[in-house]
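>>> what would the 3D arrangement of this be:
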Amino acid sequence: MKLLSFLVLSAAGCALARPGGGGGGFRNGTTGATSTKAQCRQVARLTELASLAANQTKLDEVSKGNATRADALKAKAADGAAQLATLQANSTLMAVCDQVFAAEAMEDACGRLQRMEKLAGVVANATALDLRTDGNATKSDALKAKVAADADQLTALQSNATLTAFCAGLDTQDACRNLARLQKEVDLAANATALDTKFNGNATKVANFQAKAEKVQAKLAALQENTTLTDACASLASTKGASGSVVAATDGSSTSSSGATVGTSGAGSLQISLGSLLGVTALFVGAIAL
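Residues are numbered from 1 along each chain as shown. Next up, the predicted model:
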């Protein structure tokens, strides 16, 4: 699972483990986040299968017009109907799953936005485009056509303030993790005892690591000059310490209760309430503290 959905599950798994918190035991006899994750995946799979079986057009497309295969899919959906109903009857589980699905949809949209912006940047740069296509005019034209075809979708994603704030929060989390990793490496290089243990007293390996750490130190120092980043990381660390969970750092507009529309590839769009998304983590963290 991705970071935010995993964090929601981590908090929710603890809440579900409380007596009466899960509306019944899990099939595998465990009540941790891993079981919750597995059940959410099962809900998604069975729901998708039921939806497919009920849509003849999609069913024909997936089965490629093969009646035998279509019937097999319908039978599989029918077999899973009772299990899906049981899972959906667990309101606590479904509340968690809904937030996990929303988090994943938002993160997928961020990934799509990043890829589309990167490709658009390549196409807009003749030198980069030539390198990307090895000077092949056919490939170059194909990429230009793809960017042109995706232009409206890219504009829509870039215009979604809630989505872009959410994506910025994920970028901040990544930057903070990188900052922490670099700091850990620099700290290790300054700890002779730890280095000796790590490399079994091999002086050559220790020297090589310390030489590498000098370059890391320079990179770390440059990042630490960015006070906006370091302040954000300190805020995230404080949030983690207080609640046992870190949520995406977003601006005020992204935490409203209004639904944000995130375009999905294929049919329609997905309505997501980011305030609800972030709020569920706080809800379950609060439940744990009770």
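
>>> quick one: buried residues of the helix or strand where residue 75 lies?
Assigned by DSSP states H and E, residue 75 belongs to helix 67-89. Residues 70, 73, 74, 77, 80, 84, 87 are the ones in helix 67-89 that count as buried (16 or more other CB atoms under 10 Å). In short, each C-beta sits where N, CA and C put it, glycine included.

>>> wait, what's in contact with the third one?
Applying CB atoms under 8 Å, 6 or more residues apart in numbering, we find residue 74 in contact with 53, 59.

>>> spell out the secondary structure type for the residue nearest to residue 150 when sequence neighbours are not counted.
By the measure of CB to CB, 6 or more residues apart in numbering, the closest residue to residue 150 outside its immediate chain neighbours is residue 116, 5.5 Å from it. What DSSP: H, G, I helix; E, B strand; the rest coil gives for residue 116 is helix.

>>> give the rounded mean pLDDT of the helix holding residue 75.
Average pLDDT, helix 67-89: 91.

>>> distance of residue 75 from residue 62?
14 Å (CB to CB, to the nearest Å).

>>> likewise for residue 110?
Distance, residue 110 to residue 62, using CB to CB: 28 Å.

>>> so between the two, which is more surrounded?
Here residue 110 and residue 62 are set side by side on neighbour count (other CB atoms under 10 Å), and the busier one is residue 110, at 22 against 14.

>>> what about the residue nearest to the more buried one when sequence neighbours are not counted, which helix or strand?
Excluding the flanking residues, the one nearest residue 110 by CB to CB, 6+ apart is residue 167, at 3.9 Å. With the criterion set as DSSP H and E, the secondary-structure element containing residue 167 is helix 161-189.

>>> where do the helices of the stretch 101-250 of the chain begin and end?
Using DSSP state H, counting those that start in this stretch, the helices of the stretch 101-250 of the chain run over 126-133, 137-149, 151-158, 161-189, 192-198, 203-224, 227-243.

>>> from those helices, which stretch is densest packed?
Greatest average neighbour count among those goes to helix 161-189 (a mean of 17), per mean count of other CB atoms under 10 Å.
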